[in-house]
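In: need a structure here:
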Amino acid sequence: MLRLRELADHLGVSTATVSRALNDKPGVSAETRRKVVAAAQEMSYRPNAAARALITATTRTVVFAVHRHHFPLSVDPFYPGIMRGLEETLAAEHYGVLLLTLSDEDLRAGPGTLPVLQEGRADALVAAGPDIPPQFILAAAGRSMPVILVDNALRETAIPTVTADDPGGCRDATRHLIDIHGHRSIALLRGTPGWVSSDGRADGYCDAMKAAELEPRVVSVEDTTIATGAVALIEVLEAWPDTTAIVAVNDAMAIGAIRQAAKLSRRVPEDLAVVGFDDISWAALSDPPLTTVRVPIVQIGRRAGRVLLDHFEDVITVSSRTTLATELIVRSSCGCDESPAPVMNSSGPRRHETDHE
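Out: The predicted model follows:
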């Protein structure tokens, strides 16, 4: 295992500089960041001749990588939907998609230890989810293959990215509780700080609360599941017993909060309004049906596929970032009668070209 000090000594820089470069932190020039990532790849991985030959070949295969706790479908239907959209777009150009589920050990070891990437059996990597860390992404990007991020982004390094409008969606959901239902004591159930989507949704919630001159109430947990949603609701009610509404950063947490509220004899929405985010298939089946922010899950996959195809044809630059609009889907968990009409928070998809110095 290559040590930080060895890499720093090799490059003649501090360990702090190496750490910032490999973790996508600010305070490092683009040239230094490039040298650090390249040296880390060179010193930790030496491809053999067969692998070099494979890397130069076209496989017409794209790897869709996601943390394994998001699969199977019964656990989390969000990423399978993105993968489906990716497959639809790539299949039209005769590319296949290979699912790669990553363990925590895989993420720590890096892409050089994964045979499908090590042996050059793929033309590109789509890395899905905020729980794939910058170190893994940057190492993959240094392997002479295009990397696209979905539901994730790096703050300091230019990597093509497709995401939903997380801040706008959560801002709309919070405003709905304030403006339509008159709630003043609204808490946010959020995921791990540092996850881009969770941070963006938290930012939107806080913007809406501050605009209404209300104090944000935020509980952070280490995962975004039904179980952690239940735990987070208990923490909210212990800290702020007068809470009347909940915004959760995803539907799983919202459903967990609804189930926990029932155990605490709190009626939803009469005693506690609940709003989620994503609009997974379970949301409409919840009891009561869940008001949520719809993320265009399949469209995210389709757009990622289009970005990849454009890349193969040298149409785009590595700085392309695309944000897709979200919709507020009103059901009864917030206190409304169900309505089929979504409320869009923007006019449609936007592509942002961002230059990183």
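
In: what residues go with each domain of the chain?
Out: Using automatic domain parsing, the domain ranges for the chain come out as 1-44, 166-296+325-353.

In: Off-centre distance for the last one?
Out: If you compare the mean C-alpha spot of domain 166-296+325-353 with that of the full chain, they lie 17 Å apart, counting by CA atoms, centre = their mean, to the nearest Å.

In: cool, the shortest one as well?
Out: Average the C-alpha atoms of domain 1-44, do the same for its chain, and the two points are 25 Å apart (CA atoms, centre = their mean).

In: comparing the domains of the chain, which gets the lowest mean pLDDT score?
Out: Between the domains of the chain, the lowest average pLDDT goes to domain 1-44, which shows a mean of 76.

In: and residue 250, what does it touch?
Out: 78, 191, 224, 276, 277, 278 (CB atoms under 8 Å, 6 or more residues apart in numbering). Heads up, the C-betas are built off the backbone N, CA and C, glycines and all.

In: What backbone torsions are found at the last one?
Out: Yep, that's residue 278 we're talking about. The phi and psi values for residue 278, taken as degrees, to the nearest 10, are phi 120, psi -40.

In: From residue 136, how far out is it?
Out: 24 Å (CB to CB, to the nearest Å).

In: quick one, which of those two is more surrounded?
Out: Per other CB atoms under 10 Å, whichever of residue 278 and residue 136 has more neighbours is residue 278, with 29 against 21.

In: My guess is the more buried one contacts residue 293. True?
Out: Yes - look at residue 278 against residue 293 with CB atoms under 8 Å: they come within range, at 7.2 Å.

In: What segments of the stretch 251-357 of the chain are helices?
Out: 251-263, 297-312 (DSSP state H, counting those that start in this stretch).

In: and residue 337, which of those is closest to it?
Out: helix 251-263 (17.9 Å; CB to CB).

In: and that closest one, which residues are buried?
Out: 251, 252, 253, 254, 255, 256, 257, 258, 259, 260, 261 (16 or more other CB atoms under 10 Å).

In: Relative to residue 298, which of these is nearest.
Out: residue 251 (16.0 Å).

In: Excluding chain neighbours, give the residue nearest to the closest one in space.
Out: Using CB to CB, 6 or more residues apart in numbering and skipping residues adjacent in sequence, the residue nearest residue 251 is residue 276, 3.9 Å away.

In: now that neighbour: how far from residue 289?
Out: From residue 276 to residue 289 the distance is 11 Å (CB to CB).

In: where do the contact lists of the two overlap?
Out: 283, 333.

In: So between these two, which is more surrounded?
Out: Between residue 276 and residue 289, residue 276 has the larger neighbour count (other CB under 10 Å), namely 32 against 15.

In: who's in contact with that one?
Out: 248, 250, 251, 253, 254, 255, 283, 290, 291, 292, 293, 333 are the contacts of residue 276 under CB under 8 Å, 6+ apart.

In: those strands in the protein, which residues are they?
Out: 61-67, 96-102, 124-128, 147-150, 161-164, 186-190, 217-220, 245-248, 273-278, 291-294, 320-324, 327-329, 343-344, 350-353 (DSSP state E).

In: Alpha carbons of the fifth one, in CSV - could you do that?
Out: Which is strand 161-164. What follows is strand 161-164, C-alpha atoms only, in CSV (Å, rounded to 0.1, in the frame of the first residue of the first chain):
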residue,chain,number,x,y,z
THR,A,161,-21.6,15.3,-13.7
VAL,A,162,-25.4,14.8,-14.0
THR,A,163,-27.4,15.6,-10.9
ALA,A,164,-30.9,16.8,-9.9
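
In: starting at the chain centroid, how far to it?
Out: The answer for strand 161-164 is 8 Å, by CA atoms, centre = their mean.

In: List the pairing partners of that strand within its sheet, with orientation.
Out: strand 147-150 (parallel), strand 320-324 (parallel) (DSSP bridges).

In: out of those, which comes closest to residue 303?
Out: strand 320-324 (5.7 Å).

In: For the most centrally placed residue in the chain, which residues are in contact?
Out: By CA atoms, centre = their mean, the chain has its centre lying nearest to residue 151, at 2.9 Å. By CB under 8 Å, 6+ apart, residue 151 lies in contact with 78, 79, 82, 128, 129, 130, 163, 164, 196, 197, 300.

In: before we move on, what about residue 100?
Out: Residue 100 touches 63, 64, 65, 66, 114, 116, counting by CB under 8 Å, 6+ apart.
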